[in-house]
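Trainee: Structure, please.
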Amino acid sequence: MNTSFLLANIVFDAYRTSSGFNKFVVVVLFILSVYTLANMFGKGGALKIIDRKNQKLLRQLRTKPHPAQLYLEVQGRFAPGIPMADVYAAAIKEMLSLLRKRGVLEADVAGWSAGLAPVALTESEIDAIRSCAESELEEQLIVIEDKMSSLAACTSTAPSLGLFGTVWGVMESFMAMASSGSTMMITSVAPGISGALLTTVMGLLIAIPAVWGFNYLSDRVRSTSVKVRNFTDQLVADIARHHVRHDGGAA
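Mentor: Here you go, the predicted model:
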């Protein structure tokens, strides 16, 4: 308790004796720290929700005999914020659009789950479905990576801003010493220098957890992105498997 009080007192004294510019830098760094922490926890929570919803969708799809069945059951309506659901909906919507041009109705597609033979899809149509799914995938990857660039910016900006504040404060102290000649004692400029060093301390206090959080979240983002990408490949492969004859031609 005494140690904590002593540290708080040191920080307060350093801030109190800082120049106006250094106080401004400290305030900016404090705001930056709040923004960084809010982004870290917000992004972590968002990724957790995305992973949970993605896993729920995968469990639902595993129980369906045909890739399009779940889409038809929910009439293409999925809760927002599910990258896999958006990729899935885009792929199935494109597939149904291609089949509709041949006169295949959604009721016919629903009948495939009951054992009716699926209508053929050509290689070019499969490629069109893949292209549509991959296009949606790229958009979802942007959503998954949202706010990561701002975290990276905070990680690099905080220590640089803190160092700038320190250099500025030290420069002010030495300029004051030079202007007063030999009459100014080191004890007169020491408080200003300690106040200047406070900005570096603040910058490091922000940067250290920000680096840790950024690396942790980068791993989470990478893992989620790989899962969504693998799902896209598996979905297109599953559609092709249901609509290609065993002899290598279209069904």
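Trainee: give the contact list for the nearest residue to Leu161 once chain neighbours are set aside.
Mentor: Leaving aside its sequence neighbours, Leu161 sits nearest to Gly203 (C-beta to C-beta, 6 or more residues apart in numbering; 5.9 Å). Backbone N, C-alpha and C define where each C-beta goes, glycine included. Contact partners of Gly203, counting by C-beta atoms under 8 Å, 6 or more residues apart in numbering, are Leu29, Ala158, Pro159, Ser160, Leu161, Gly162, Leu163, Gly165.
Trainee: what do you get for Cys154?
Mentor: Shown in contact with Cys154 (C-beta under 8 Å, 6+ apart): Leu32, Tyr35, Thr36, Asn39, Ile206, Ala210.
Trainee: what stretches of the stretch 151-251 of the chain score poorly on pLDDT?
Mentor: For the stretch 151-251 of the chain, applying pLDDT under 70 flags the ranges 176-192, 244-251.
Trainee: the helices in the stretch 1-150 of the chain, which residues?
Mentor: Using DSSP state H, counting those that start in this stretch, the helices of the stretch 1-150 of the chain run over 2-16, 20-62, 69-73, 83-100, 106-111, 123-144, 148-180.
Trainee: Nearest to His243 among these would be which one?
Mentor: Of all the helices of the stretch 1-150 of the chain, the one in closest proximity to His243, counting by C-beta to C-beta, is helix 123-144 (7.4 Å).
Trainee: Quick check: the gap between the residue nearest to Leu161 and Tyr216.
Mentor: As judged by C-beta to C-beta, to the nearest Å, Gly203 and Tyr216 stand 20 Å apart.
Trainee: Can you select the buried ones from the contacts of Gly203 in PyMOL?
Mentor: Of those, the buried ones can be selected in PyMOL as follows, counting by 16 or more other C-beta atoms under 10 Å:
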select buried, resi 29+158+159+161+162+165
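Trainee: Return the member of the contacts of Gly203 nearest to Ser149.
Mentor: Ala158 (15.1 Å).
Trainee: Burial check on Val119, number of neighbours?
Mentor: Val119: 16 surrounding residues under other C-beta atoms under 10 Å.
Trainee: Surely it touches Arg102?
Mentor: Yes: when contacts are counted by C-beta atoms under 8 Å, Val119 is listed as touching Arg102 (6.6 Å).
Trainee: Buried residues, stretch 229-240. List them.
Mentor: Buried-residue list, stretch 229-240, by 16+ other C-beta under 10 Å: Arg229, Phe231, Thr232, Leu235, Val236, Ile239, Ala240.
Trainee: actually stretch 208-221, not the one I wrote
Mentor: Those would be Ala210, Val211, Gly213, Phe214, Leu217, Arg220, Val221, for stretch 208-221 by 16+ other C-beta under 10 Å.
Trainee: will you turn those residues into a markdown table that also has distance to Lys93 and secondary structure?
Mentor: Formatted as a markdown table, the buried residues of stretch 208-221 follow (distance: C-beta to C-beta, whole Å; DSSP: H, G, I helix; E, B strand; the rest coil):
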| residue | distance to Lys93 | secondary structure |
| --- | --- | --- |
| Ala210 | 40 | helix |
| Val211 | 42 | helix |
| Gly213 | 37 | helix |
| Phe214 | 36 | helix |
| Leu217 | 32 | helix |
| Arg220 | 29 | helix |
| Val221 | 27 | helix |
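Trainee: List the contacts of Asn39.
Mentor: Lys147, Ser150, Leu151, Cys154.
Trainee: Not counting residues beside it along the chain, what's closest to the residue nearest to the spatial centre of the chain?
Mentor: Among the residues of the chain, the one closest to the centroid is Glu145, at 3.4 Å (C-alpha atoms, centre = their mean). Once flanking residues are discounted, Glu145 sits nearest to Val221: 5.7 Å by C-beta to C-beta, 6+ apart.
Trainee: I'm done for today, thanks for sticking with me.
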